[in-house]
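[1] Starting from these lines, generate the structure:
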Amino acid sequence: MSQDDLLQSSGLIGDQPTKDDYLGFQPYVLAVAAFLTDAGTIPPLTLSVEREWGSGKSSFLKQLKEELSKQRNPFFSVSFNPWRYSENEALWAAFAIEFERQNMIKRNGGKKQNLDLSKSTMESSYAMCLKPYFQ
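    Residues are numbered from 1 along each chain as shown. Below is the predicted model:
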């Protein structure tokens, strides 16, 4: 029996993010997915999910990511935990590095080995990713 099955059968709710909708997020997941995939929604776009600690934000995002993966042209999403960084510059740099690391894994067919994370590769890759937004 899995941990989720055990928790569900006990009537308790676990503190691990899940794709299973124990908290009734489906209408919100579908509404946000519809907004994000609508032709009238123009990127770049930032989505902020704000609630109290332990209220299911990570589960909501996991369910949204799952819903978006069902699209004809699946989205590329980046998972990033900002709580580890206290300085704005460190936060931005860490996000940029994580964005590129996950982007490289996707381009490498999901394989994490043999990734070139050198400074020159990262800088040229950022320039290519961000160029359309600054022209």
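
[2] For Ile105, which non-adjacent residue is spatially closest?
    Spatial nearest neighbour of Ile105, excluding adjacent residues (C-beta to C-beta, 6 or more residues apart in numbering): Lys112 at 5.6 Å. (Glycine included, C-beta is placed from N, CA and C.)

[3] could you dump stretch 72-84 to CSV, C-alpha only?
    Extracted in CSV, the C-alpha atoms of stretch 72-84 (Å, rounded to 0.1, in the frame of the first residue of the first chain):
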residue,chain,number,x,y,z
ARG,A,72,-1.3,19.1,-28.0
ASN,A,73,1.8,21.3,-27.6
PRO,A,74,2.9,20.6,-24.0
PHE,A,75,4.3,23.5,-22.0
PHE,A,76,7.8,23.7,-20.8
SER,A,77,7.6,24.5,-17.1
VAL,A,78,10.4,25.0,-14.5
SER,A,79,10.1,23.9,-10.9
PHE,A,80,12.0,26.2,-8.6
ASN,A,81,12.0,26.6,-4.8
PRO,A,82,12.8,30.3,-4.0
TRP,A,83,12.9,29.8,-0.2
ARG,A,84,16.5,28.8,-0.2
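
[4] Tell me how far that stretch lies from the chain's centre.
    Taking C-alpha atoms, centre = their mean, to the nearest Å, one finds the center of stretch 72-84 at 2 Å from the center of the full chain.

[5] So the residue nearest to Ile105 versus Phe35, what's the distance?
    Relative to Phe35, Lys112 is positioned 32 Å away (C-beta to C-beta, to the nearest Å).

[6] Then Gly109?
    Gly109 is 30 Å from Phe35, by C-beta to C-beta.

[7] List the buried residues in the helix or strand harbouring Gln102.
    According to DSSP states H and E, Gln102 maps onto helix 88-107. Going by neighbour count (16 or more other C-beta atoms under 10 Å), the buried part of helix 88-107 is Ala94, Ala96, Phe99, Glu100, Gln102, Met104.
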